[in-house]
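Asker: this is a predicted model, with the sequence first.
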Amino acid sequence: MGRLDGKVAVVTGAAVGMGRATAVTLASEGAKVVAWDLGVDVEGKPLADNPVHETVEIIKNAGGEAIAFHGDVSSMEDSENAIGTAIDTYGQMDILICTAGILRERMIFNMTEDEWDDVVRIHLKGCFAPTKFAAIHWRQRREYGRLLAFSSGAALGSPGQPNYSAAKMGIVGFTRSTANALVRYNVTSNAIFPGAATRMTDRGLASQKAIRDGTPLPSETAGGTERDPYNNAPAVVFLSSPEASHVSGRIFATSGWTYKLYKDEEIIRNLYSDKQWDIDELFETLPKTLFQGLAPLQGQTAADVTAGNRVRIGGDVIGGAPTPSAGGA
Ligand SMILES: NC(=O)c1ccc[n+]([C@@H]2O[C@H](COP(=O)([O-])OP(=O)(O)OC[C@H]3O[C@@H](n4cnc5c(N)ncnc54)[C@H](O)[C@@H]3O)[C@@H](O)[C@H]2O)c1
């Protein structure tokens, strides 16, 4: 008896990494899975073969049910076909997990228009497009729906990834909007800040050292450790299940063996006026009120880069560790 018996899941980015781990684990809990992938490398260039078939084989060899879908998550046409394939093949569509993504890291002053557009399109539109067609089905059925979108701790301000950080914070707003819009149809929608050693994180200093030394890449030795991509999947199973019907509009971190719930943004100070602010008065008042005692932003230090930390606000390192490389997602 699986936790997701009778449910149908569509998993994007299911060919490798955390998408594969998610698809395999959902299937092991009884979900029928559409494993959806375009078959590209980390920067989005097409691979000779799309390894999504291996994901399907793993599921079938373990006695589960799955089919592969080849397509681009940022295409409206492919998204409609993917959701339609799930409904035509299995009769319904209950769970959508958006994990597909690419990286094109560059500092803001060097970033090209294409690097910006492609990363934002694949991550952000790549959540919108599948969700739109899932939502049409969920609204018609009014029975059950689960959206889980893989965002990232980089949403909090990874300095070398303005495109990725913007897209990942966009995903947070998107999942919250969807949570509010679809609650009346018994649909939940949440964002996940995951973490694991995958080919996506095989881009940092630890990986460069491994290549120089001729030793395995971090992702090749992650199995069974805190960096195993399968570590995220049990939380995804819970959030996809009927037991999580009250959990929506939230952000979770699922990296390693510690799961975390983020606090919603809240107003921490108010500066009240009963008329429009006079600029001189505001310059006088703001430093003594709203902005009093704010620690200065320190930016990312060399030690943070080595530790894989994402962003330093005041003295606090936010959203990164543990990531044993400077590459990061
Ligand atoms: N690995 C980490 O530590 C980490 C941390 C934070 C967030 N994330 C996010 O988690 C998700 C999964 O990361 P991963 O490390 O498993 O990545 P990965 O590179 O191992 O896998 C990404 C998958 O997405 C697919 N894909 C890319 N573009 C696509 C498109 N247009 N249409 C369909 N499929 C496409 C790729 O072919 C690949 O199979 C990503 O969204 C990533 O940004 C990862």
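Answerer: Received the coordinates, thanks.
Asker: which SS class is Phe238?
Answerer: State at Phe238, reduced to three classes by DSSP: H, G, I helix; E, B strand; the rest coil: helix.
Asker: from Ala244, how far out is it?
Answerer: Using CB to CB, to the nearest Å, one gets 6 Å for the distance from Phe238 to Ala244. (C-beta placed from N, C-alpha, C; glycine too.)
Asker: whichever residue of the chain sits closest to the ligand: neighbouring residues, count only.
Answerer: Nearest residue of the chain to the ligand: Gly17, at 2.3 Å (CB to the nearest ligand atom). Gly17 has 25 neighbouring residues, counting by other CB atoms under 10 Å.
Asker: ok, Gly195 next?
Answerer: Gly195: 27 surrounding residues under other CB under 10 Å.
Asker: name the element it belongs to?
Answerer: Using DSSP states H and E, Gly195 sits within no helix or strand.
Asker: mind listing the strands for the stretch 101-250 of the chain?
Answerer: 145-150, 187-193 (DSSP state E, counting those that start in this stretch).
Asker: any chance of a markdown table for those, columns mean neighbour count, mean pLDDT and distance to Ile102?
Answerer: Shown next, in a markdown table, are those (neighbours: other CB atoms under 10 Å; pLDDT from 0 to 100; distance: least, CB to CB, whole Å):
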| stretch | mean neighbour count | mean pLDDT | distance to Ile102 |
| --- | --- | --- | --- |
| strand 145-150 | 26 | 98 | 13 |
| strand 187-193 | 26 | 98 | 18 |
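Asker: would you convert these into a markdown table that also reports distance to Ser207?
Answerer: Formatted as a markdown table, those follow (distance: least, CB to CB, whole Å):
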| stretch | distance to Ser207 |
| --- | --- |
| strand 145-150 | 21 |
| strand 187-193 | 21 |
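Asker: and of the ones you listed, who's closest to Lys288?
Answerer: Minimum separation from Lys288 across these (CB to CB) falls at strand 187-193, 35.2 Å.
Asker: that closest one versus strand 145-150: what angle between them?
Answerer: On the basis of axes from the mean of the first three to the mean of the last three CA atoms, to 10 degrees, strand 187-193 is oriented at 10 degrees to strand 145-150.
Asker: against which helices or strands is strand 187-193 packed?
Answerer: If you count contacts as 3 or more CB pairs under 8 Å, 6 or more residues apart in numbering; DSSP states H and E, strand 187-193 packs onto strand 145-150, helix 162-182, helix 233-240, strand 251-253.
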